[in-house]
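[1] Predicted model and sequence below, questions to follow.
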Amino acid sequence: ETGVTQSPTHLIKTRGQQVTLRCSSQSGHNTVSWYQQALGQGPQFIFQYYREEENGRGNFPPRFSGLQFPNYSSELNVNALELDDSALYLCASSNLQGADGYTFGSGTRLTVV
Amino acid sequence: DQQVKQNSPSLSVQEGRISILNCDYTNSMFDYFLWYKKYPAEGPTFLISISSIKDKNEDGRFTVFLNKSAKHLSLHIVPSQPGDSAVYFCAATRGEGTYKYIFGTGTRLKVLA
């Protein structure tokens, strides 16, 4: 079984630009969640997608948006990038009722300059 | 407001000894808790979980203890091995399904050979 893959692995953007991060979920998983991990912090929940619909959102502004596709892959879009958006962005797939937790990808390291 | 706290940013333990990682939470609505391990340049990997109806769960060298009255959980690793050196995150949520996890800030464990 394939794990969760994220692309790109690293990215440098300028303040004010827009970015799209991509995630392929693990085979058999129907739910994708996105987390932001700032330096020295734990991952923070951005939002979750289930059956192509947003299934909950954390405390992030509307310029953070997402999509889930019929094959359960997902995108995270961030508009009007700010310096504080610099972080590791983690995608995690799961089955919604699964008790084994998420399977995380290795993340995309975003640097905003 | 940090609902899940890991007050020890780092811990060093001799190989073969016990490692004890601690986690406190403030929200009494949390009823499911998980530990994740993270190596550099990799995503967090699920380690062990516990439901609030239990006070202990064991899986090989890893045991998680839950003290609901104190809102405290701990992860015991016995015996510790150099390969256990990683950052450990505790996470809390409501319900066993995968939804919004609240992560602590992590504890970096170093097992000395």
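    Cool, the structure landed. The shown structure was predicted, so the numbers you read here are calculated from the model rather than taken from an experiment. Residues are numbered from 1 along each chain as shown, chains lettered A, B, ... in the order given.

[2] How much space separates residue A:31 from chain B?
    As defined by CB to the nearest CB, to the nearest Å, residue A:31 lies at a distance of 6 Å from chain B. In this view, the C-beta of every residue, glycine as well, is placed from N, C-alpha and C.

[3] ok, and the closest residue to residue A:23 other than its chain neighbours, which helix or strand is that part of?
    Closest residue to residue A:23 apart from its sequence neighbours, by CB to CB, 6 or more residues apart in numbering or on different chains: residue A:91 at 3.4 Å. In the assignment (DSSP states H and E), residue A:91 maps to strand A:87-94.

[4] ok, and what's touching that strand?
    A:4, A:6, A:21, A:23, A:25-26, A:29, A:31-39, A:43, A:72, A:74, A:76, A:100-105, A:107-110, B:43-44, B:98 (CB atoms under 8 Å, 6 or more residues apart in numbering or on different chains).

[5] where does chain A have its least confident helix or strand?
    Ranking every helix and strand in chain A by mean pLDDT, DSSP states H and E puts strand A:53-57 at the bottom, with a mean of 90.

[6] ok so, going back, next secondary structure after the strand holding residue A:91?
    Taking DSSP H and E, what comes next after strand A:87-94 is strand A:103-104.

[7] Run through the neighbouring helices and strands of that following strand.
    Counting contacts by 3 or more CB pairs under 8 Å, 6 or more residues apart in numbering or on different chains; DSSP states H and E, strand A:103-104 packs against strand A:87-94.

[8] and the strand it packs on, what's its mean pLDDT?
    Averaging the model's pLDDT scores along strand A:87-94 yields 95.

[9] Pull out the CA atoms of that strand and give them to me as PDB.
    Written as PDB, here are the backbone C-alpha positions of strand A:87-94 (Å, rounded to 0.1, in the frame of the first residue of the first chain):
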ATOM      1  CA  ALA A  87       5.900  26.600   8.200                       C
ATOM      2  CA  LEU A  88       5.800  22.900   7.500                       C
ATOM      3  CA  TYR A  89       2.400  21.900   6.000                       C
ATOM      4  CA  LEU A  90       1.400  18.400   6.700                       C
ATOM      5  CA  CYS A  91      -1.300  16.400   4.900                       C
ATOM      6  CA  ALA A  92      -2.800  13.400   6.600                       C
ATOM      7  CA  SER A  93      -5.200  10.900   5.300                       C
ATOM      8  CA  SER A  94      -7.500   8.500   7.300                       C
END
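
[10] partners of that strand, with directions?
    Taking DSSP bridges as the criterion, strand A:87-94 sits next to strand A:31-37 (antiparallel), strand A:103-104 (antiparallel), strand A:108-112 (antiparallel) in its sheet.
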